[in-house]
Structure formats: C-alpha cells, structure tokens
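Enquirer: Here is my input; please provide its structure:
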Amino acid sequence: QVQLVESGGGLVQAGGSLRLSCAVFGGTISFLNMGWFRQAPGKEREFVGFISWNGGIDYANSVKGRFTISRDVAKNTVYLQMNSLKSEDTAVYYCAGRPRTSQAYDYWGQGTQVTVSS
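Expert: Numbers count the residues shown, from 1 in each chain. Okay, here's the model as predicted:
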C-alpha cells in the first residue's frame, strides 16, 4: 500500500516562501507520476503541478514562475517550493501519486495547510 505524507505547511506573509515535502512509502517515485493539488475553502480542488516518473514537469498557469517541483529519488520524496506567495495561494495542499499506466491518481496524502497573510 502506497502512502504519501506531506509536511511543510504553515503561515507565511505575502511575498514569502514555503517548501512542502511529500514523502512516499510503499512505492518508488521513479515509477510514479506525482502531482500537487490544492483546495481553498469553498472551492474545488485544483491542479498545481506535476512531475512524471521520468522527471518531466508541468505547472498550472497560476503558479508558473513562482512554484518549483523537484524530487529526491534517494529520499523517495517530492517537493513543492513556493515563492512569492499570494493570499490566493491559501489552501490545503495535497500530493498525489499514480502509476505510470494509470490515468487516475490512486494515492493521496492527508494534506497540509498553507495560509498566506496579506
């Protein structure tokens, strides 16, 4: 059973930075496509970014140039570096994983709260 554990959320002022981590247990990120999502109060969950099993990366337009996804295969961990944070980035952030051949994200973390104060 693959388990994802996020950490690194918190309260930060607008313009500040945070780095979220997603540690993966029971699976290897070299064989998983990993995504980051967020959900703000009263809103639907939205896509933030993605790193494929072979290192390809994509971002939502709303975070391009401010957020960076990376991974450490040795630590089996995926990261989301968030810079120039805005109040509209406030949300619960989730990491998710899916096998290479799957179209749906089968594995989800518990989420970590990010609050940006203006």
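
Enquirer: I'd like to know the beta-bridge partner residues of the closest residue to residue 48 other than its chain neighbours.
Expert: Spatial nearest neighbour of residue 48, chain neighbours left out: residue 36 (4.2 Å); criterion: CB to CB, 6 or more residues apart in numbering. From N, CA and C alone the C-beta is placed, and that goes for glycine too. Counting by DSSP bridges, residue 36 forms beta bridges with residue 49, residue 95.

Enquirer: Just list the residues touching residue 36, thanks.
Expert: 20, 22, 47-50, 69, 78, 80, 93-96 (CB atoms under 8 Å, 6 or more residues apart in numbering).

Enquirer: One more: residue 72?
Expert: So, once contact is read as CB under 8 Å, 6+ apart, residue 72 ends up touching residue 79.

Enquirer: Check what pLDDT it gets.
Expert: Here the pLDDT value assigned to residue 72 is 97.

Enquirer: Quick check: phi and psi at it.
Expert: phi -120, psi 100 (degrees, to the nearest 10).

Enquirer: and it, bridged to which residues?
Expert: Beta-bridge partners, per DSSP bridges, of residue 72: residue 77.

Enquirer: hey, where'd the strands end up in this protein?
Expert: 3-7, 10-13, 18-25, 32-39, 46-51, 57-59, 67-72, 77-82, 91-99, 107-108, 112-117 (DSSP state E).

Enquirer: ok so, going back, any idea which of the contacts of residue 36 is the one closest to residue 8?
Expert: Nearest to residue 8, judged by CB to CB, of the contacts of residue 36 is residue 20 at 4.2 Å.

Enquirer: any idea how far that closest one is from residue 116?
Expert: 13 Å (CB to CB, to the nearest Å).

Enquirer: With neighbour numbers in mind, choose between the two.
Expert: Higher neighbour count among residue 20 and residue 116: residue 20, with 25 against 19, using other CB atoms under 10 Å.
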